[in-house]
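1. Dropping the sequence and predicted coords here.
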Amino acid sequence: MVAFFRSSNGTIYAVGMSSSLQTTDSQKLEWLFSGAKQVAENFLSGEFIGPRKEMITPWSTNAVEITQTMGISGIQRIEEFQVSSPAIHFDRMLQQKYQGLNQDIFTIHHTPEEIKEIDSIAAYSEKEGLALSKEEIEYLDNVSKELGRKLTDSEVFGFSQVNSEHCRHKIFNGTFIIDGKEMPTTLFKLIKKTSQEHPNYIVSAYKDNVAFIKGPKIEQFAPATQDKPDFFEVKEIDSVISLKAETHNFPTTVEPFNGAATGSGGEIRDRLAGGKGSLPLAGTAVYITSYPRMDEGHEWEKKFEPRKWLYQTPEEILIKASDGASDFGNKFGQPLINGSVLTFEHFEGDKKLGFDKVIMLAGGIGYGKEKDSQKEHLQAGDKIVLLGGDNYRIGMGVGAVSSVATGEYGNAIELNAIQRSNPEMQKRAMNAIRAMVEMDNNPIVSIHDHGAGGHFNFLLVILRFPKEKFLATNHRNAWVWQ
């Protein structure tokens, strides 16, 4: 059941409910919507722009929670819709156009697809953009023969993400042959060599979501108990400082706002998932593109003719990506405190060099407890918990797609691989993690963020409780105690 409220500027608020609104509930909602009046019709004609029905917006999640605090029960979703016009920005990534608003705008008719057996792994890889190499396809064909059955779509899809360049760093871990001579070490070993020979204050490096260095004794200011409102206490703890940086190049090239936003969001999740849980403090962002040609005074940019860009121009990337990274930090509650920009193009012989695929680097610092800086091993009876919001096909497959040249696959595959920003839901997950981290006896055994490999290569939170029980509820109430 959906009720509509129309504001004086034409904005439509659609309220999805499990039961009819009481008169007092309607009055409260009209006040909440700044005077928007409930309309009697169950159908509104015209063309409207609004969020996709399959994707509950962060705004909706907050709005529904506000109604619960106001004492209104039975509301499941609230979304905003605008009358379509050239003046209204239409984001194809997140929105769709509706020919009229009816009682089915929140009803999802999709049913789960049946498990598919893959006849040709090579053809399936090409169709889904899995970037499987010839050797990987041969390996999977042999696995199929050894099992005596065809592999399923989820098995092949999962392998492609876990074994992608993005997740495995095959180039950094690969053997380098220069001028016919095999090098004695890999790039990754060279990177790790400094910390191995000079560990100094390093507590953990190259084996977790983040690196930790030894920090000072600090005072923790936190509630005495985490399962109910309580007084705050000051406790002295031995700290570690978390350090993290990662790139989000492909997503920021294709869709700069959400690409950079989820780059910052993913980097924050990594710092949340360090050891047995740690907390973020501040972030940074770096952008490297070809020349944006934004200023007539940049004479050096005029030496090169701009090329035809596949998705976004360097100027659009710099503006939208900066907005996206800052937007996520602001809504989540972590400031971006510094960053840098580099633009570059160069001719070398007959080759023109430039950053067609943007370099977007997200990084940051945080802290945790030294006693919780190392993950433990799982034991029988530990609880494995997936913590977060709704999951969609959107965003899955980015591990494979980002491992090849941008534009190698069709627009539909590449756009589908871009995650969508949801800092509000990530903040809820962080609140749950923070409560456990600040306990005297942290129940978290091991924690990992849901990265490009998706469900296939992570365990989000493993909990061990000596006495208490952990009860999983819906995603709007991430966790409760009993």
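-> Looks like it arrived, so ask away. Residues are numbered from 1 along each chain as shown.

2. helix or strand right after whichever strand or helix holds residue 337?
-> Remark: residue 337 resides in strand 336-343, with elements defined by DSSP states H and E. On the C-terminal side of strand 336-343, the closest following helix or strand by DSSP H and E is strand 345-348.

3. for the helix or strand following that next one, what is the average pLDDT?
-> Elements were assigned by DSSP H and E; along the chain past strand 345-348, the next helix or strand is strand 351-354. The average of the pLDDT scores along strand 351-354 is 86.

4. Which of the residues in strand 351-354 are classified as buried?
-> Buried residues in strand 351-354, defined by neighbour count with 16 or more other Cβ atoms under 10 Å: residue 354. No exception for glycine: its C-beta is placed from N, CA and C like everyone else's.

5. now it: how far from the chain's centre is it?
-> 32 Å (Cα atoms, centre = their mean, to the nearest Å).

6. Stretch 166-175 now?
-> Taking the mean C-alpha point of stretch 166-175 and that of its whole chain, the gap between them comes to 22 Å (Cα atoms, centre = their mean).

7. ditto for stretch 186-203
-> Relative to the mean C-alpha coordinate of its chain, stretch 186-203 is positioned 29 Å out (Cα atoms, centre = their mean).

8. List the contacts of it.
-> Counting by Cβ atoms under 8 Å, 6 or more residues apart in numbering, stretch 186-203 makes contact with 169, 171-176, 185, 205-206, 211-214, 240, 370, 373, all of which sit outside it.

9. repeat that for 10 Å
-> If you take Cβ atoms under 10 Å, 6 or more residues apart in numbering as the criterion, stretch 186-203 is touched by 169, 171-176, 183, 185, 205-207, 211-215, 240-243, 275, 368, 370, 373-374.

10. So for that stretch, mean pLDDT?
-> Model confidence over stretch 186-203, given as mean pLDDT, is 93.

11. Now that stretch: buried residues?
-> Of the residues in stretch 186-203, those scored as buried under the neighbour-count criterion (16+ other Cβ under 10 Å) are 186, 202-203.

12. Name the residue closest to the centre of this protein, please.
-> With distances taken as Cα atoms, centre = their mean, residue 262 lies nearest the centre of the chain, 4.4 Å away.

13. what about the closest residue to that residue other than its chain neighbours, which helix or strand?
-> Nearest in space to residue 262, with sequence neighbours left out and distances taken as Cβ to Cβ, 6 or more residues apart in numbering, is residue 419 at 4.2 Å. With the criterion set as DSSP H and E, no secondary-structure element contains residue 419; it sits in neither a helix nor a strand.

14. Number of residues surrounding residue 419?
-> Counted with other Cβ atoms under 10 Å, the burial measure for residue 419 works out to 23 neighbours.

15. Could you report the separation of it from residue 390?
-> To residue 390, residue 419 is 13 Å away according to Cβ to Cβ, to the nearest Å.

16. What are the structural domain limits within this structure?
-> 2-101, 121-163, 201-481 (automatic domain parsing).

17. before we move on, back to that, what pLDDT does the residue nearest to residue 262 get?
-> What the model reports as pLDDT for residue 419 is 77.

18. Might one say that it is in contact with residue 265?
-> Yes. Applying Cβ atoms under 10 Å, one finds residue 419 in contact with residue 265, separated by 8.1 Å.

19. Give the next helix or strand downstream of the longest strand along the chain.
-> Across the chain, the longest stretch assigned as strand under DSSP state E is strand 232-247. Downstream of strand 232-247, the next assigned helix or strand under DSSP H and E is helix 249-254.

20. At which residues are the strands of the stretch 1-150 of the chain located?
-> Chain-ordered strands for the stretch 1-150 of the chain, with DSSP state E, counting those that start in this stretch as the definition, fall at 2-6, 12-17, 37-38, 44-51, 75-83, 95-101.

21. cool, the stretch 151-300 of the chain as well?
-> The residue ranges that make up the strands of the stretch 151-300 of the chain, judged by DSSP E, counting those that start in this stretch, are 177-178, 181-182, 202-204, 211-223, 232-247, 279-289.

22. These: which one's closest to residue 67?
-> Taking Cβ to Cβ as the criterion, strand 211-223 is the member of the strands of the stretch 151-300 of the chain that comes nearest to residue 67, at 26.1 Å.

23. now for the closest one, which elements pack on it?
-> strand 202-204, strand 232-247, strand 359-369, helix 423-437 (3 or more Cβ pairs under 10 Å, 6 or more residues apart in numbering; DSSP states H and E).

24. Please save the CA atoms from that strand in CSV.
-> C-alpha atoms of strand 211-223 as CSV (Å, rounded to 0.1, in the frame of the first residue of the first chain):
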residue,chain,number,x,y,z
ALA,A,211,48.7,-1.9,8.4
PHE,A,212,49.2,-1.1,12.1
ILE,A,213,52.1,0.7,13.8
LYS,A,214,52.5,1.0,17.6
GLY,A,215,50.7,3.9,19.0
PRO,A,216,50.7,5.7,22.4
LYS,A,217,48.6,5.0,25.5
ILE,A,218,45.4,6.9,25.0
GLU,A,219,42.1,7.4,26.8
GLN,A,220,39.0,5.7,25.4
PHE,A,221,35.8,7.7,26.0
ALA,A,222,32.9,5.2,25.5
PRO,A,223,29.7,4.0,27.0
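
25. Give me the average confidence score over that strand.
-> Strand 211-223 comes out with an average pLDDT of 97.

26. Check stretch 426-445 too.
-> Rounded mean pLDDT across stretch 426-445 is 93.

27. With just CA atoms, put it into PDB.
-> Once side chains and other backbone atoms are set aside, the C-alpha atoms of stretch 426-445 remain, and they are given as PDB (Å, rounded to 0.1, in the frame of the first residue of the first chain):
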ATOM      1  CA  GLN A 426      28.000   1.800   6.300                       C
ATOM      2  CA  LYS A 427      27.700   4.100   9.300                       C
ATOM      3  CA  ARG A 428      25.200   1.800  10.900                       C
ATOM      4  CA  ALA A 429      27.600  -1.100  10.400                       C
ATOM      5  CA  MET A 430      30.400   0.900  11.900                       C
ATOM      6  CA  ASN A 431      28.300   1.700  14.900                       C
ATOM      7  CA  ALA A 432      27.900  -2.000  15.600                       C
ATOM      8  CA  ILE A 433      31.600  -2.700  15.100                       C
ATOM      9  CA  ARG A 434      32.600   0.200  17.300                       C
ATOM     10  CA  ALA A 435      30.400  -1.000  20.100                       C
ATOM     11  CA  MET A 436      32.100  -4.400  20.100                       C
ATOM     12  CA  VAL A 437      35.600  -2.900  19.700                       C
ATOM     13  CA  GLU A 438      35.100  -0.600  22.700                       C
ATOM     14  CA  MET A 439      34.000  -3.500  24.900                       C
ATOM     15  CA  ASP A 440      36.500  -4.800  27.500                       C
ATOM     16  CA  ASN A 441      36.200  -8.300  25.900                       C
ATOM     17  CA  ASN A 442      35.700  -7.800  22.200                       C
ATOM     18  CA  PRO A 443      33.700 -10.700  20.800                       C
ATOM     19  CA  ILE A 444      35.100 -10.300  17.300                       C
ATOM     20  CA  VAL A 445      37.500 -13.100  16.300                       C
END
